[in-house]
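Asker: Got a predicted structure here, sequence first:
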Amino acid sequence: MTCGTNPDFCRLARYLPGTVCIGKERQMVSNLTGGRPPRQASESGAQLGALEAYAAQAHGFLSAGGEQLTQLAGLLRPLVLESWLRSVRGGVDPTDIIDGRGLRGADLERYRDAHPIAALMPLIDKLLVQDASHAGLIVTVADQFGRVLSVHGHPEQIAAAAEIGVREGDDLSERRIGTNAVGLVVRTGRATWIHGPEHFLHRMHQITGAAAPVHEPDGRLIGVLMIAGGMRVAKPEILALVKAAATAAEMDLVLRAMRASHGNGASAPANRDYSEQAKLGLDVLGLGQPQLSIAGERVSLSQRHAEILLLLAEHPEGLGADHLALLLDDTDLDNGTIRAAVSRLRTVIGASVVGSRPYRLRVHVATDVEALRAALDSGDIESALRLYAGPVLPRSSAPGICDIRDELRVRLRTAVLAAPDAGVLRRWTSCPEGRDDAAAWAAYRSTVDRESPLYAQIEAKIRVLDRRIGADATQMQRFDS
């Protein structure tokens with residue numbers, strides 16, 4: 001682990017990952033239960049009490065800042081310490097209060113229904129939700145970014161969780177709220193637990209969370225399951241229960257993938273009708289092959305099918321054949337070609353999903369474009385950047401797709417430049433879209449301390465861009481002359 005450019009953290013580097021030489025009293029914390037909850041009841045009370053005491057002391061040093069930050073090492077478990085350091089470097093405020101950012105209402109409902117983990121909810125309900133609710137605990141289901149899709153349990157417990165910021169639609173990523181069980185799983189891909197004041201935010205000190213990842217058959221993170229409640233969650237059987245449920249969910253995904261592979265290769269079984277299921281999702285952002293989620297199963301789409309489906313999703317009122325042809329190709333695409341393409345699309349998603357005269361979707365298709373717009377509309381720029389895997393169908397030259405691609409890029413860039421947030425600007429300038437964005441680099445420079453080595457690095461990048469722009473301008477002048 002690197003200590004960053006802040007000198008306070010550079011001094012901490014020699015203490016990581018938790019082997020310390022500042023007295024036996026501190027050294028015991030690094031070894032305290034390791035990554036596992038305490039096993040016996042008496043052991044649990046004593047060790048959790050020690051964790052709370054040391055974490056409370058660590059918060060005191062954190063509030064003092066400066067040289068006191070070197071005292072954090074040895075007061076926290078290594079996994080927690082590293083997360084705290086990342087949280088401070090990312091600008092997370094331990095006293096942060098709940099705000100209104102996040103997906104809400106219909107936007108959240110559409111995103112949740114189209115998410116691949118939606119197909120696993122009956123299994124999750126059976127394995128976790130029912131028993132946890134009876135025990136007075138809550139179950140939180142989050143997506144691969146840490147966004148809370150749903151919270152389950154008794155209404156009183158759900159309301160109590162909402163008061164500390166565990167609400168449907170909220171972002172529990174480490175970048176957003178610092179150290180917490182869901183955020184750590186997203187960051188590390190491994191099951192973990194966080195108790196009380198080990199949480200970075202003060203408002204989460206009354207909760208304990210045990211969380212585990214759910215992976216797709218290809219190893220990609222698809223979501224996170226968490227049981228949360230009081231001290232009793234810090235027991236090995238609770239973490240084991242969450243891990244077992246996550247494993248069962250992963251096995252269910254494997255079985256679904258096997259059933260799909262026995263169908264029609266890379267396509268969904270022909271002539272299936274999904275109009276009643278209304279669980280269709282379309283992913284078109286980034287360089288990967290367009291993906292369609294059908295009742296929890298992911299199907300690869302051709303570029304033409306993805307173009308048509310996205311254009312129909314963007315025009316719920318419907319598109320005539322002539323209009324659709326112009327949006328797909330402004331030269332010589334005839335109506336017969338359009339009819340053939342739509343017919344082939346129907347064999348993939350179901351005959352009754354796409355209506356005719358005009359062509360229109362008879363069920364809602366949730367797209368990642370729609371989710372990105374919702375994040376921008378709510379002012380949640382961090383979530384928008386996470387959702388933005390890249391341009392919309394970057395290989396497409398269809399006029400209608402180019403318009404959507406340009407609109408999204410301009411909206412996202414405008415939002416990034418309007419947010420004086422170092423983390424947001426760092427993420428934008430590190431992605432292909434913003435790597436050579438001179439205005440963004442200048443805005444990023446304004447958020448960094450002039451004495452920091454990072455300032456010099458940004459300044460050097462800006463000089464390179466200025467020289468490149470100057471060289472391009474010189475070449476244009478020669479060309480014009």
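Answerer: Great, that's in hand. Numbering: from 1, shown residues only.
Asker: Spit out the contact partners of the nearest residue to R362 once chain neighbours are set aside.
Answerer: With sequence-adjacent residues excluded and distances taken as Cβ to Cβ, 6 or more residues apart in numbering, R362 is closest to G355, at 5.1 Å. Placement of C-beta: from N, CA and C, glycine included. For G355, the contact set (Cβ atoms under 8 Å, 6 or more residues apart in numbering) comprises 318, 361-362.
Asker: same deal with L376?
Answerer: Going by Cβ under 8 Å, 6+ apart, L376 touches 384, 411-412, 415.
Asker: ok, now with 6 Å
Answerer: By Cβ atoms under 6 Å, 6 or more residues apart in numbering, the contact list for L376 reads 384, 411, 415.
Asker: Of the residues you listed, just say which sits nearest to V166.
Answerer: A384 (21.6 Å; Cβ to Cβ).
Asker: Same question for the closest one, what's its three-state structure.
Answerer: Of the three states, A384 takes helix according to DSSP: H, G, I helix; E, B strand; the rest coil.
Asker: At the geometric centre of this protein, which residue sits there?
Answerer: Residue closest to the mean C-alpha point of the chain, counted by Cα atoms, centre = their mean, is F145 at 1.8 Å.
Asker: I figured that residue hits R386, correct?
Answerer: Yes - with contact defined as Cβ atoms under 6 Å, F145 reaches R386; the gap is 4.9 Å.
Asker: If you count neighbours, what's buried in stretch 111-119?
Answerer: 111-119 (16 or more other Cβ atoms under 10 Å).
Asker: repeat for stretch 150-165
Answerer: Using 16+ other Cβ under 10 Å as the test for burial, stretch 150-165 gives 150-153, 157-158, 160-161, 164-165.
Asker: Also stretch 210-217?
Answerer: 210-216.
Asker: Now intersect the residues you listed with the strands, please.
Answerer: In this view, the buried residues of stretch 210-217 that belong to strands under DSSP state E are 210-215.
Asker: Now distance to T188 and pLDDT too, for the residues you listed, in CSV please.
Answerer: Below are those laid out as CSV (distance: Cβ to Cβ, whole Å; pLDDT from 0 to 100):
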residue, distance to T188, pLDDT
A210, 14, 95
A211, 11, 96
A212, 11, 95
P213, 9, 95
V214, 14, 94
H215, 13, 91
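Asker: ok, of the residues you listed, which one's closest to E451?
Answerer: A211 (38.8 Å).
Asker: Does that closest one touch V182 like I think?
Answerer: Yes - applying Cβ under 6 Å as the test, A211 and V182 come out as touching, 5.3 Å apart.
Asker: show me where this protein has strands.
Answerer: Assigned by DSSP E, the strands in the chain fall at 138-143, 148-152, 192-195, 208-215, 221-229, 280-283, 291-294, 297-300, 354-355, 360-361, 365-367.
Asker: Which residues does the longest one contact?
Answerer: The one in question is strand 221-229. 116-117, 132, 137-140, 142-144, 181-182, 185, 207, 209-216, 233, 238, 242, 245-246.
Asker: Quick check: can you name the pairing partners of it and their directions?
Answerer: Using DSSP bridges, the strands paired with strand 221-229 are strand 138-143 (antiparallel), strand 208-215 (antiparallel).
Asker: what residues does the shortest one touch?
Answerer: For strand 138-143, the external contacting residues (Cβ under 6 Å, 6+ apart) are 115, 128-129, 132, 148-153, 157, 161, 182, 223-224, 226-228.
Asker: May I have that strand as PDB, with CA atoms only?
Answerer: Taking Å, rounded to 0.1, in the frame of the first residue of the first chain, the C-alpha atoms of strand 138-143 are listed here in PDB:
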ATOM      1  CA  ILE A 138     -31.800  -6.000   8.500                       C
ATOM      2  CA  VAL A 139     -30.500  -7.400   5.200                       C
ATOM      3  CA  THR A 140     -29.100  -5.000   2.700                       C
ATOM      4  CA  VAL A 141     -28.600  -5.900  -1.000                       C
ATOM      5  CA  ALA A 142     -26.200  -3.600  -2.900                       C
ATOM      6  CA  ASP A 143     -25.000  -3.500  -6.500                       C
END
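Asker: Now do that strand and strand 148-152, the angle between them.
Answerer: If you take axes from the mean of the first three to the mean of the last three Cα atoms, to 10 degrees, strand 138-143 sits at 160 degrees to strand 148-152.
Asker: give me the low-pLDDT residue ranges for the chain?
Answerer: Within the chain, the segments meeting pLDDT under 70 span 1-46, 260-279, 295-296, 330-333, 469-481.
Asker: May I have the residues that are in contact with N180?
Answerer: Going by Cβ under 6 Å, 6+ apart, N180 touches 172, 194, 199.
Asker: Take those and write them to TSV, including neighbour count.
Answerer: Formatted as TSV, the contacts of N180 follow (neighbours: other Cβ atoms under 10 Å):
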residue	neighbour count
L172	28
I194	29
H199	28
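Asker: I'd like to know which of the residues you listed is nearest to S397.
Answerer: Among the contacts of N180, and counting by Cβ to Cβ, the member closest to S397 is L172, at 39.2 Å.
Asker: My understanding was that the closest one contacts L149; is that so?
Answerer: No - using Cβ under 6 Å, L172 is not in contact with L149; the gap is 10.9 Å.
Asker: so how far is D96 from L75?
Answerer: Using Cβ to Cβ, to the nearest Å, L75 is found at 21 Å from D96.
Asker: With neighbour numbers in mind, choose between these two.
Answerer: L75 (26 against 16; other Cβ atoms under 10 Å).
Asker: hang on, the earlier thing: list phi and psi for the residue nearest to the centre of the chain.
Answerer: Dihedral pair for F145: phi -100, psi -10, per degrees, to the nearest 10.
Asker: ok, now Q289?
Answerer: phi -70, psi 140.
Asker: what about it, distance to G223?
Answerer: In this structure, Q289 and G223 are 22 Å apart, going by Cβ to Cβ.
Asker: Between the two, tell me which one has more neighbours.
Answerer: A direct count of neighbours by other Cβ under 10 Å for Q289 and G223 places G223 higher, at 27 against 14.
Asker: Disregarding flanking residues, what is the spatial nearest neighbour of the more buried one?
Answerer: Nearest residue to G223, sequence neighbours excluded (Cβ to Cβ, 6+ apart): I117, at 4.3 Å.
Asker: mind checking how far the one you found is from P213?
Answerer: I117 is 11 Å from P213, by Cβ to Cβ.
Asker: so the residue nearest to R362 bridges to which residues?
Answerer: Going by DSSP bridges, G355 forms beta bridges with R360.
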